[in-house]
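Trainee: build me a model from this:
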Amino acid sequence: MYRTESFDKLLSGKLQNPEFGREFLLSSMHGEDGLDLIDALKRVIACMGVKEYSAMSGIHRASVSRMLSSNETPRVATLNRYLLPFKLRVKIDVEDAA
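Mentor: I've put the predicted structure just below:
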């Protein structure tokens, strides 16, 4: 199914609202077919637009583009920088396996 250009513009505009972007990101990870965090973040940025995300986050456009095209797993500090506009951060817990 193809979306219209007007839908893409509408979604991009809505994602520039940090609360909407946060909920879109979190909901992308739910359910049986939910995305992992990195893929969900890439989806939000791609839907929003690199230029718009860069302006919102303060992260240089070239860095955003590199992250989108990379298959490497970003460091926690990098993920936290990218999640900051949505008022989210990564937390890693270590639990006893016994």
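Trainee: which SSE is the most centrally placed residue in the chain in?
Mentor: Centre of the chain computed as the mean C-alpha position; nearest residue by CA atoms, centre = their mean is L41, 2.1 Å away. Secondary-structure element containing L41, defined by DSSP states H and E: helix 37-48.
Trainee: which elements pack onto the helix-or-strand element of the chain with minimal mean pLDDT?
Mentor: Lowest by mean pLDDT, DSSP states H and E among the helices and strands of the chain is helix 5-15, with a mean of 85. Here helix 5-15 is seen to pack against helix 18-28, helix 37-48 when contacts are counted using 3 or more CB pairs under 8 Å, 6 or more residues apart in numbering; DSSP states H and E. C-betas here are computed from N, CA, C, even on glycine.
Trainee: can you say which of those is nearest to T78?
Mentor: If you check each of the helices and strands packed on helix 5-15 against T78 by CB to CB, helix 37-48 wins as the nearest, at 10.3 Å.
Trainee: and the residue nearest to the centre of the chain, what is it in contact with?
Mentor: Contacts for L41 (CB atoms under 8 Å, 6 or more residues apart in numbering) come out as L25, L79, Y82, L83.
Trainee: going by distance to I92, which of these wins?
Mentor: Set against I92, the nearest of the contacts of L41 by CB to CB is L79 (10.5 Å).
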